[in-house]
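In: Show me how the following folds:
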Amino acid sequence: MFTQTNYVILLLVSYRYSMIELPVNIFNFIIFASIIIGITFGLLLLLVKRINRKGNRFLGCIPMIIALWNCWVLGIDFKLYESFLSLNLIPFQYSLALGPCLFYYTKYITDQSFNFKKKYLFHFAPVLIEVIVSIVQGFESIEKGIPNYDTTVFFIFSPLLQLGSIISVVIYSFYALKAIRNYHIWINNNYSNSHGYNLNWLYRLICILTVLWLLWVPYTIVDYIVFDYELGVRHYYPLYIVMAIITIWISAEGFLRPEVILLDSLRKSLRKDSVRSDEIIEQAKWLKEQMEANLFYLNSELTLGILAKELSLHPNNVSRIINEGLKKSFSDFVNEYRINAVTQKLSDAEYNKITLLGIAFDCGFSSKTTFNRVFKKAVGKTPLEYKEELKRI
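Out: Numbers count the residues shown, from 1 in each chain. All right, here's what the predicted structure looks like:
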């Protein structure tokens, strides 16, 4: 007699057998682990209250998007879409949102006065196309009893969506990198110790992520032209895994690194203090007098912090005086004195026996390359051309 106990045993055996039949390997195990980690960091960035909470929400969407995409990958590998056709109706791919999310995260951390406006939602409009195509694939798969990756809609639109996501990531990454470069220029001109505020880690990771997305191009072309788009999901495993790792890396760095709040407050103070133009001009005049009297520029190791310490001022104050009072960057301000010192010595016969490089080092330069570049920018000629011209006079 078939008892309830026998029925339970049969279910357990069937379950165990089905688990054995699953194509578990090291690759889909890594992808499964990346899904768990990606969702964890995504939720942390989305939900934890931090200073840059708005920017973190965009960053948090990135690992969530990659995790959902990898769920779709595992669903294909485990043949879940063949066994459960209703799964085909669930959209798992939102790759066209990756570029805008990455850009707006970068925008928030490089400009803390930035606010996301409703009109910017236009950048996420292509995601609707991706969702609609996914739903249409789902209806076709249910109607024909096939998984979504075997549908006609998939074969027609999937390559186009892949190409669109690649172009999107590359374009938005370009503007994100541009925002980081402008940010670095700003902090280098305003901070003596800019290392603590740089975003080199994000710059590198965006570059790596962009290169990774560009690798999809040869993969897709070869698959579509040579193999008639019949390569299995396992042929794409290396890209899926590396993409998951890079995405988690960016998310972890963004969440674990301390947030910078000084830049925004300093920018606000600069805007408030800019109305006191007369005072700034007087301070700039005093600063030039101190530079000429004490010859600070002869120190080849001179930084904004060292100069501020010599003047008993805060580095931010010295930076403000140079930027607003003299309309120059710190490096241009110091190098101007060094170039003047070099030209004076080149005009003095007592220094004819000293090499150009020796004179440059005496005047505060520590690099031949920097000396040549700065001299030509300031004088319009190379140091050697300038020296030869002096001999002909």
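In: So Ile62: helix, strand or coil?
Out: helix (DSSP: H, G, I helix; E, B strand; the rest coil).
In: correction: Lys381
Out: Applying three-state DSSP: Lys381 is coil.
In: helix or strand for the closest residue to it other than its chain neighbours, which one?
Out: For Lys381, ignoring the flanking residues on the chain, the nearest one in space by CB to CB, 6 or more residues apart in numbering is Glu389 at 7.2 Å. All C-beta atoms are positioned from the backbone trio N, CA, C, and that covers glycine. Counting by DSSP states H and E, the element that carries Glu389 is helix 383-392.
In: rounded to a whole number, what's the mean pLDDT of that helix?
Out: Mean pLDDT, computed over helix 383-392, is 81.
In: which residues touch that helix?
Out: Among residues not part of helix 383-392, those counted as contacts by CB atoms under 8 Å, 6 or more residues apart in numbering are Val342, Thr343, Leu346, Ser347, Leu356, Ala360, Phe371, Asn372, Phe375, Lys376, Val379, Lys381.
In: The same query, at a cut-off of 6 Å, please.
Out: Residues outside helix 383-392 that contact it (CB atoms under 6 Å, 6 or more residues apart in numbering): Leu346, Leu356, Phe375, Val379.
In: nearest to Leu47, of the residues you listed?
Out: Phe375 (54.8 Å; CB to CB).
In: what's the burial count for that closest one?
Out: Neighbourhood size, Phe375 [other CB atoms under 10 Å]: 24.
In: Numbering from 561 from now on, please.
Out: Sure, I'll start counting at 561 from here, so that last one is Phe935.
In: Okay, it and Gln904: tell me how far apart.
Out: Distance, Phe935 to Gln904, by CB to CB, to the nearest Å: 13 Å.
In: Where does the prediction get shaky in the stretch 711-860 of the chain?
Out: Residues of the stretch 711-860 of the chain meeting the criterion pLDDT under 70: 748-756, 784, 787-794, 818-838.
In: Tell me where it has helices.
Out: Counting by DSSP state H, counting those that start in this stretch, the stretch 711-860 of the chain has helices at residues 712-750, 760-774, 776-781, 797-816, 822-833, 837-854.
In: Report the angle between the second one and helix 712-750.
Out: Orientation check (axes from the mean of the first three to the mean of the last three CA atoms, to 10 degrees): helix 760-774 against helix 712-750 gives 160 degrees.
In: so helix 760-774 versus helix 797-816, what angle?
Out: 160 degrees.
In: Which strands or helices does helix 760-774 pack on?
Out: helix 712-750, helix 797-816 (3 or more CB pairs under 6 Å, 6 or more residues apart in numbering; DSSP states H and E).
In: before we move on, what about the first one?
Out: Taking 3+ CB pairs under 6 Å, 6+ apart as the contact definition, the neighbouring helices and strands of helix 712-750 are helix 658-670, helix 686-704, helix 760-774, helix 776-781.
In: Could you pull out the buried residues of that helix?
Out: Using 16 or more other CB atoms under 10 Å as the test for burial, helix 712-750 gives 713-714, 717-718, 721-722, 724-726, 728-729, 732-733, 736-737, 739-740, 743-744, 746-750.
In: And the last one, by the same measure?
Out: The neighbour-count criterion (16+ other CB under 10 Å) identifies Ile840, Gln843, Ala844, Leu847, Lys848, Met851 as the buried residues of helix 837-854.
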